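Student: A predicted structure for the sequence below; I have some questions about it.
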Amino acid sequence: MLSYILVAALCICLHQAEAFSPPPTSKASPPSSTARNLFFGAYLPLGIPVLVAKDKWDSSRRSKLKEQILSLASDTQRGLTATDAQAEEMDELFSRLEKFNPTVNPITNTNANLNGDWSLDYTTSDSILGKGSFPKIGPIIQNIDTTFLSAKNSEVVRFGIVDVPRSVSAELSPVNGRVTDVNFKRFMLGPVGFDAPDTARGQLDVTYLDDEVRLTRGDKGNIFVLTRM
(Lines give C-alpha, C1' and ligand atoms only; values in the text may rest on other atoms or scores of the structure.)
Protein backbone atom coordinates (compact mmCIF):
# COMPACT_ATOMS: atom_id res chain seq x y z
CA MET A 1 0.00 0.00 0.00
CA LEU A 2 2.78 2.45 0.96
CA SER A 3 4.71 1.76 -2.24
CA TYR A 4 1.58 2.44 -4.30
CA ILE A 5 1.05 5.73 -2.53
CA LEU A 6 4.65 6.85 -3.08
CA VAL A 7 4.61 5.96 -6.79
CA ALA A 8 1.32 7.79 -7.33
CA ALA A 9 2.52 10.78 -5.35
CA LEU A 10 5.78 11.05 -7.26
CA CYS A 11 3.88 11.06 -10.53
CA ILE A 12 1.67 13.88 -9.32
CA CYS A 13 4.69 15.95 -8.32
CA LEU A 14 5.82 16.07 -11.95
CA HIS A 15 2.58 17.80 -12.93
CA GLN A 16 3.34 20.84 -10.75
CA ALA A 17 6.09 21.29 -12.66
CA GLU A 18 0.15 37.90 -17.71
CA ALA A 19 -6.09 73.45 -24.52
CA PHE A 20 -5.14 74.52 -27.69
CA SER A 21 -6.00 78.04 -28.44
CA PRO A 22 -6.18 79.62 -31.92
CA PRO A 23 -3.17 81.66 -33.01
CA PRO A 24 -3.45 85.36 -32.15
CA THR A 25 -4.84 87.54 -34.90
CA SER A 26 -3.00 90.59 -33.64
CA LYS A 27 0.12 91.26 -31.67
CA ALA A 28 -0.60 91.24 -27.97
CA SER A 29 1.47 92.34 -25.02
CA PRO A 30 2.94 89.53 -22.96
CA PRO A 31 1.09 88.93 -19.71
CA SER A 32 2.51 90.65 -16.70
CA SER A 33 4.00 88.68 -13.84
CA THR A 34 0.99 89.75 -11.77
CA ALA A 35 -1.37 88.28 -14.34
CA ARG A 36 0.64 85.05 -14.47
CA ASN A 37 0.61 84.78 -10.69
CA LEU A 38 -3.12 85.36 -10.61
CA PHE A 39 -3.60 82.67 -13.25
CA PHE A 40 -1.56 80.04 -11.43
CA GLY A 41 -2.92 81.14 -8.09
CA ALA A 42 -6.44 80.59 -9.37
CA TYR A 43 -5.96 77.23 -11.08
CA LEU A 44 -2.97 75.37 -9.66
CA PRO A 45 -4.52 74.62 -6.25
CA LEU A 46 -7.49 73.05 -8.00
CA GLY A 47 -5.26 70.13 -8.97
CA ILE A 48 -4.65 69.17 -5.35
CA PRO A 49 -8.23 68.25 -4.40
CA VAL A 50 -8.68 66.58 -7.79
CA LEU A 51 -5.68 64.30 -7.14
CA VAL A 52 -6.82 63.59 -3.59
CA ALA A 53 -10.31 62.73 -4.84
CA LYS A 54 -8.86 60.40 -7.51
CA ASP A 55 -6.66 58.61 -4.96
CA LYS A 56 -9.65 58.10 -2.68
CA TRP A 57 -11.75 56.82 -5.57
CA ASP A 58 -8.99 54.41 -6.68
CA SER A 59 -8.59 53.14 -3.12
CA SER A 60 -12.34 52.63 -2.80
CA ARG A 61 -12.50 50.70 -6.09
CA ARG A 62 -9.55 48.52 -5.08
CA SER A 63 -11.17 47.65 -1.77
CA LYS A 64 -14.49 46.81 -3.40
CA LEU A 65 -12.94 44.68 -6.13
CA LYS A 66 -10.73 42.81 -3.67
CA GLU A 67 -13.74 42.12 -1.49
CA GLN A 68 -15.67 40.71 -4.45
CA ILE A 69 -12.71 38.62 -5.64
CA LEU A 70 -11.98 37.08 -2.25
CA SER A 71 -15.65 36.38 -1.61
CA LEU A 72 -15.97 34.56 -4.93
CA ALA A 73 -12.71 32.69 -4.28
CA SER A 74 -14.10 31.44 -0.98
CA ASP A 75 -17.44 30.47 -2.53
CA THR A 76 -15.67 28.37 -5.18
CA GLN A 77 -13.13 26.68 -2.87
CA ARG A 78 -10.12 28.29 -4.54
CA GLY A 79 -11.75 27.70 -7.93
CA LEU A 80 -12.18 23.96 -7.43
CA THR A 81 -15.99 24.12 -7.69
CA ALA A 82 -16.27 27.20 -9.93
CA THR A 83 -18.98 27.08 -12.58
CA ASP A 84 -18.39 28.58 -16.02
CA ALA A 85 -20.36 31.67 -14.95
CA GLN A 86 -18.32 32.06 -11.77
CA ALA A 87 -15.04 31.59 -13.64
CA GLU A 88 -16.11 34.25 -16.14
CA GLU A 89 -17.07 36.62 -13.32
CA MET A 90 -13.71 36.08 -11.61
CA ASP A 91 -11.84 36.73 -14.86
CA GLU A 92 -13.70 40.04 -15.24
CA LEU A 93 -13.06 41.12 -11.64
CA PHE A 94 -9.41 40.06 -11.97
CA SER A 95 -8.92 42.21 -15.08
CA ARG A 96 -10.63 45.20 -13.49
CA LEU A 97 -8.46 45.09 -10.37
CA GLU A 98 -5.30 44.85 -12.49
CA LYS A 99 -6.09 48.34 -13.83
CA PHE A 100 -5.73 49.73 -10.29
CA ASN A 101 -2.31 48.18 -9.63
CA PRO A 102 -0.54 50.58 -7.21
CA THR A 103 2.92 48.98 -7.51
CA VAL A 104 5.29 49.62 -10.41
CA ASN A 105 7.81 46.88 -11.22
CA PRO A 106 6.87 44.64 -8.26
CA ILE A 107 9.66 42.13 -8.92
CA THR A 108 12.62 44.51 -9.23
CA ASN A 109 11.33 47.41 -7.11
CA THR A 110 13.18 47.17 -3.79
CA ASN A 111 10.36 49.08 -2.09
CA ALA A 112 7.70 46.64 -3.29
CA ASN A 113 6.18 44.38 -0.66
CA LEU A 114 6.45 41.15 -2.65
CA ASN A 115 8.63 39.00 -0.40
CA GLY A 116 7.17 36.61 2.15
CA ASP A 117 4.51 33.92 2.38
CA TRP A 118 1.36 34.11 0.27
CA SER A 119 -1.72 31.88 0.44
CA LEU A 120 -3.30 30.80 -2.84
CA ASP A 121 -6.98 31.81 -2.66
CA TYR A 122 -8.01 31.13 -6.26
CA THR A 123 -6.59 29.69 -9.48
CA THR A 124 -7.77 28.32 -12.80
CA SER A 125 -4.97 25.70 -12.85
CA ASP A 126 -6.53 22.23 -12.60
CA SER A 127 -3.23 20.58 -11.66
CA ILE A 128 -2.56 22.96 -8.77
CA LEU A 129 -6.15 22.58 -7.56
CA GLY A 130 -5.72 18.82 -7.72
CA LYS A 131 -8.81 18.23 -9.84
CA GLY A 132 -9.30 14.52 -10.43
CA SER A 133 -6.48 13.70 -8.06
CA PHE A 134 -5.72 13.51 -4.35
CA PRO A 135 -7.25 16.42 -2.37
CA LYS A 136 -5.21 19.31 -0.98
CA ILE A 137 -5.58 19.84 2.75
CA GLY A 138 -5.18 23.32 4.23
CA PRO A 139 -3.51 26.30 2.56
CA ILE A 140 -1.39 26.22 -0.58
CA ILE A 141 1.53 28.50 0.25
CA GLN A 142 3.97 30.32 -2.01
CA ASN A 143 7.07 31.95 -0.58
CA ILE A 144 8.81 34.62 -2.66
CA ASP A 145 12.30 35.98 -2.02
CA THR A 146 13.46 38.53 -4.60
CA THR A 147 16.72 39.12 -2.72
CA PHE A 148 17.91 35.58 -3.40
CA LEU A 149 15.64 35.14 -6.46
CA SER A 150 13.97 32.05 -5.07
CA ALA A 151 10.45 30.72 -4.61
CA LYS A 152 8.87 27.73 -2.92
CA ASN A 153 5.38 26.24 -3.20
CA SER A 154 4.17 24.14 -0.26
CA GLU A 155 1.01 22.13 0.38
CA VAL A 156 -0.34 19.05 2.15
CA VAL A 157 -1.91 16.27 0.08
CA ARG A 158 -4.16 13.56 1.46
CA PHE A 159 -3.29 10.12 0.09
CA GLY A 160 -6.10 7.94 1.35
CA ILE A 161 -5.88 8.36 5.12
CA VAL A 162 -2.35 9.78 5.13
CA ASP A 163 -1.60 13.51 4.92
CA VAL A 164 1.77 14.13 3.27
CA PRO A 165 3.56 17.51 2.95
CA ARG A 166 4.75 18.29 -0.54
CA SER A 167 6.80 21.20 -1.91
CA VAL A 168 8.80 22.39 -4.88
CA SER A 169 11.58 24.97 -4.81
CA ALA A 170 12.47 27.19 -7.76
CA GLU A 171 14.89 29.81 -9.01
CA LEU A 172 13.57 33.12 -10.34
CA SER A 173 15.08 34.81 -13.40
CA PRO A 174 13.43 38.24 -13.86
CA VAL A 175 12.66 39.16 -17.47
CA ASN A 176 11.62 42.69 -16.53
CA GLY A 177 10.17 44.50 -13.53
CA ARG A 178 6.93 42.52 -13.67
CA VAL A 179 7.68 39.18 -15.32
CA THR A 180 10.02 36.41 -14.15
CA ASP A 181 10.96 33.02 -15.50
CA VAL A 182 10.57 30.18 -12.99
CA ASN A 183 13.00 27.25 -13.06
CA PHE A 184 11.84 24.47 -10.74
CA LYS A 185 14.76 22.86 -8.96
CA ARG A 186 13.72 20.25 -6.41
CA PHE A 187 10.58 18.39 -5.35
CA MET A 188 9.98 17.15 -1.81
CA LEU A 189 7.38 14.55 -0.85
CA GLY A 190 7.48 14.08 2.89
CA PRO A 191 11.11 13.17 3.64
CA VAL A 192 11.83 12.12 0.05
CA GLY A 193 13.40 14.62 -2.34
CA PHE A 194 14.40 14.51 -6.00
CA ASP A 195 15.61 17.00 -8.59
CA ALA A 196 13.11 18.53 -10.98
CA PRO A 197 13.54 17.69 -14.68
CA ASP A 198 14.98 20.39 -16.93
CA THR A 199 11.59 20.75 -18.58
CA ALA A 200 10.00 21.90 -15.31
CA ARG A 201 9.85 25.59 -16.15
CA GLY A 202 7.26 28.35 -16.13
CA GLN A 203 6.77 32.09 -16.06
CA LEU A 204 4.88 34.45 -13.76
CA ASP A 205 3.57 37.93 -14.49
CA VAL A 206 2.78 39.90 -11.32
CA THR A 207 0.00 42.17 -12.57
CA TYR A 208 -1.21 43.55 -9.22
CA LEU A 209 0.44 43.95 -5.82
CA ASP A 210 -0.46 45.73 -2.61
CA ASP A 211 0.09 44.93 1.06
CA GLU A 212 -2.73 42.39 1.11
CA VAL A 213 -3.37 40.92 -2.33
CA ARG A 214 -1.28 39.75 -5.28
CA LEU A 215 -2.59 38.88 -8.75
CA THR A 216 -0.44 36.79 -11.06
CA ARG A 217 -0.82 35.42 -14.58
CA GLY A 218 0.99 32.23 -15.58
CA ASP A 219 2.51 31.30 -18.93
CA LYS A 220 -0.20 28.72 -19.60
CA GLY A 221 -3.01 31.27 -19.35
CA ASN A 222 -3.94 30.56 -15.73
CA ILE A 223 -4.69 33.26 -13.18
CA PHE A 224 -3.76 33.26 -9.50
CA VAL A 225 -5.16 35.24 -6.57
CA LEU A 226 -3.00 35.23 -3.46
CA THR A 227 -3.29 36.91 -0.06
CA ARG A 228 -0.48 37.73 2.31
CA MET A 229 -0.13 35.42 5.30
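Tutor: Cool, the structure landed. Residues are numbered from 1 along each chain as shown.
Student: wait, is residue 217 part of a strand?
Tutor: Yes. Per DSSP: H, G, I helix; E, B strand; the rest coil, residue 217 lies within a strand segment.
Student: I figured it was touching residue 205, is that so?
Tutor: Yes. With contact defined as CB atoms under 8 Å, residue 217 counts as touching residue 205 (4.4 Å). Every residue, glycine included, has its C-beta placed from N, CA and C.
Student: what packs against the helix ranked longest in the chain?
Tutor: If you go by DSSP state H, the chain has its longest helix at helix 47-75. Applying 3 or more CB pairs under 8 Å, 6 or more residues apart in numbering; DSSP states H and E, one finds that helix 47-75 contacts helix 84-98, strand 116-123, strand 213-218, strand 223-228.
Student: Run through the residues that contact residue 60.
Tutor: By CB atoms under 8 Å, 6 or more residues apart in numbering, the contact list for residue 60 is empty.
Student: these two touch, right, residue 100 and residue 65?
Tutor: Yes. Applying CB under 8 Å as the test, residue 100 and residue 65 come out as touching, 7.1 Å apart.
Student: Straight-line length of stretch 124-133, end to end?
Tutor: By CA to CA, to the nearest Å, the extent of stretch 124-133 from end to end equals 15 Å.
Student: Tell me the buried residues in it?
Tutor: 124, 125, 127, 128, 129, 130 (16 or more other CB atoms under 10 Å).
Student: So, low pLDDT: which residues of the chain?
Tutor: For the chain, the stretches with pLDDT under 70 are 1-53.
Student: what residues are up against residue 196?
Tutor: Taking CB under 8 Å, 6+ apart, we find residue 196 in contact with 17, 168, 184, 185, 186, 187.
Student: do you know how far the residue nearest to the fifth one when sequence neighbours are not counted is from residue 127?
Tutor: Counting by CB to CB, 6 or more residues apart in numbering, the nearest residue to residue 186 once its immediate chain neighbours are dropped is residue 169, at 5.1 Å. Residue 169 sits 18 Å away from residue 127, going by CB to CB, to the nearest Å.
Student: for residue 156, same thing?
Tutor: Residue 156 is 16 Å from residue 127, by CB to CB.
Student: swap in residue 114?
Tutor: In terms of CB to CB, residue 114 sits 24 Å off from residue 127.
Student: longest single strand anywhere in the chain?
Tutor: Longest strand in the chain by number of residues (criterion: DSSP state E): strand 162-174.
Student: buried sites along that one?
Tutor: Residues 164, 166, 167, 168, 169, 170, 172 are the ones in strand 162-174 that count as buried (16+ other CB under 10 Å).
Student: One more: stretch 136-154?
Tutor: For stretch 136-154, by 16+ other CB under 10 Å, it's 136, 139, 140, 141, 142, 143, 144, 146, 151, 152, 153, 154.
Student: same question, stretch 58-77
Tutor: Counting neighbours by 16+ other CB under 10 Å, one finds that the buried residues in stretch 58-77 are 62, 65, 66, 68, 69, 70, 72, 73, 76.
Student: Let me see the contact set for the closest residue to residue 164 other than its chain neighbours.
Tutor: Computed as CB to CB, 6+ apart, the closest residue to residue 164 that is not its neighbour in sequence is residue 190, at 4.9 Å. Under the criterion of CB under 8 Å, 6+ apart, the neighbours of residue 190 are 164, 165, 166.
Student: distance of the first one from residue 126?
Tutor: Yep, that's residue 164 we're talking about. Taking CB to CB as the criterion, residue 164 is separated from residue 126 by 20 Å.
Student: what does residue 193 give?
Tutor: 25 Å.
Student: how close does the residue nearest to residue 135 when sequence neighbours are not counted get to residue 136?
Tutor: Nearest residue to residue 135 in three dimensions, chain neighbours excluded: residue 158, at 5.1 Å (CB to CB, 6+ apart). Per CB to CB, residue 158 is found 8 Å from residue 136.
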